[in-house]
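[1] Quick one: sequence plus predicted model below, questions after.
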Amino acid sequence: MVNLILFGPPGSGKGTQAAKLIERYGLVHISTGDLFRYEMGNNTPLGLEAKSYMEKGQLVPDSVTIGMLRNKVEAHPEANGFIFDGFPRTLPQAEALDALLAEKNTSVSGLIALQVEDEEIVKRILLRGQNSGRPDDNDESIIRKRIAVYKQETSPVFDYYAQNGHSHSIPGVGTIDQIFDRLCQIIDAI
Ligand code: AMP
């Protein structure tokens, strides 16, 4: 099994690249942001709870997020591996992911971070917000809050996987295909 974490700040292109990677490598894509938006769209209790955090640019509590992730992984016993996009975003989430994969006799193969400068992120997300219908993509102060949360709460996850040599990073700028080629080079060497 190949289990990849696609890492990087909001707006770094994780979703775009994940869509291409699942085609090439036959992996199951799990985006916790997409899962929360799906729940919100259906007005489920989970969706309503997530909404109150997402609209402020804060993280949804670990207990909620980890439970949802576990359900999604367990719904795919046939998977050859997973691409985790937007998860783990905290150290407890990383520890929970390791424990979950260990139960299935597998582990994280690698984490790849897409590096993009803050001002470029703000520009990209505002542009995406014109079509994405996401309230959190349309307000610059919320976008900046999401970047701050990434730096403070999420970036330690990079160091966590770096301890056993599993963290990599590549420039997240250039064309979609250039970035995809950089990702494939790393994945093929894992
Ligand atoms: P994303 O689509 O990955 O940018 O996520 C959008 C929002 O969903 C984030 O700003 C958080 O509020 C929430 N979210 C997504 N994934 C997670 C996660 N792993 N942990 C906590 N909150 C999350």
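    Received, thanks. Numbering: from 1, shown residues only.

[2] CA atoms for contacts and neighbours, from now on please.
    OK.

[3] ok, I83 - contacts?
    Contacts of I83 were listed using C-alpha atoms under 8 Å, 6 or more residues apart in numbering, and they are N3, L4, I5, L6, A18, I22, L27, V28, H29, I30.

[4] okay if I get those residues as CSV plus distance to N138 and secondary structure?
    Converted to CSV, the contacts of I83 look like this (distance: C-alpha to C-alpha, whole Å; DSSP: H, G, I helix; E, B strand; the rest coil):
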residue, distance to N138, secondary structure
N3, 32, strand
L4, 29, strand
I5, 26, strand
L6, 24, strand
A18, 23, helix
I22, 28, helix
L27, 31, coil
V28, 29, strand
H29, 25, strand
I30, 24, strand
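
[5] Just put the residues you listed in CSV and tack on neighbour count and pLDDT.
    Compiled in CSV, the contacts of I83 are given as follows (neighbours: other C-alpha atoms under 10 Å; pLDDT from 0 to 100):
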residue, neighbour count, pLDDT
N3, 19, 98
L4, 23, 98
I5, 24, 98
L6, 24, 98
A18, 23, 98
I22, 15, 97
L27, 21, 98
V28, 21, 98
H29, 18, 98
I30, 20, 98
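
[6] and which of the residues you listed is nearest D159?
    For the contacts of I83, the residue nearest D159 by C-alpha to C-alpha is I5; the value is 13.2 Å.
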